[in-house]
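S.K.: Using only what follows, build the 3D model:
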Amino acid sequence: MLKALSGICFLHLTTIFFLFWATIDDAWWFTRNQYTDLWGRWVMENNDDVWVYMDIPTSYRRDYLQAVQAFAVLSCLFAVFSLSMFVYQLFTLGKGQRFTYSGVLQLISCFCIMVALSVYTDHFHRDEKNGWYGWSYIMAWFGWLLTLLTGVIYIILRKRVD
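M.R.: A predicted model of the protein is given here:
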């Protein structure tokens, strides 16, 4: 049982790492001379390999951008709350009970990152043909998958005492 719990905790920590990395890092969208994240845009000036930070363009709707930012941050927070709840329930649940609260918090985190990714995919870079999604965007999708997996595991998992 200790190996299973260690594996679940490692999986959950990996999930939190992916979510934080995707939210903080600067690689959601790339072109040859710029890259964009949730918080700003870096543009190469005069092909001198000098990257300059700029605000998100005004062509991006602020309400959608703020929704993506908010749901990405909420996803990180709910994942951390879920891990804290799991550790708390590990010591307080009775034998045979399920880790339902941890699972629900993790599924809320899954929902939040899914909303953030869906809004970003649907409303940004739709008409830009010369760019591609970056590794932060891909890590966010891996984070979504792992939050879904750990949320389901927590809901199914029962506490055993050996």
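S.K.: And V161, what's its pLDDT?
M.R.: According to the prediction, V161 has pLDDT 60.
S.K.: just I153 next, same as before
M.R.: 92.
S.K.: Just give the closest residue to it, not the sequence neighbours.
M.R.: I8 (6.3 Å; Cβ to Cβ, 6 or more residues apart in numbering). No exception for glycine: its C-beta is placed from N, CA and C like everyone else's.
S.K.: Would you map the strands across this structure?
M.R.: 29-30, 34-36, 41-45, 50-54, 132-133 (DSSP state E).
S.K.: and G131, how far is that from R32?
M.R.: Using Cβ to Cβ, to the nearest Å, one gets 9 Å for the distance from G131 to R32.
S.K.: neighbour count winner among these two?
M.R.: When neighbours are counted by other Cβ atoms under 10 Å, G131 and R32 differ, and G131 comes out ahead with 14 against 9.
S.K.: need the contact list for the residue nearest to L93 when sequence neighbours are not counted.
M.R.: Nearest non-adjacent residue to L93, counting by Cβ to Cβ, 6+ apart: K159, 4.8 Å away. Residues near K159 by Cβ atoms under 8 Å, 6 or more residues apart in numbering: 89-90, 93-99.
S.K.: just F30 next, same as before
M.R.: So F30 contacts 36, 131-134 (Cβ under 8 Å, 6+ apart).
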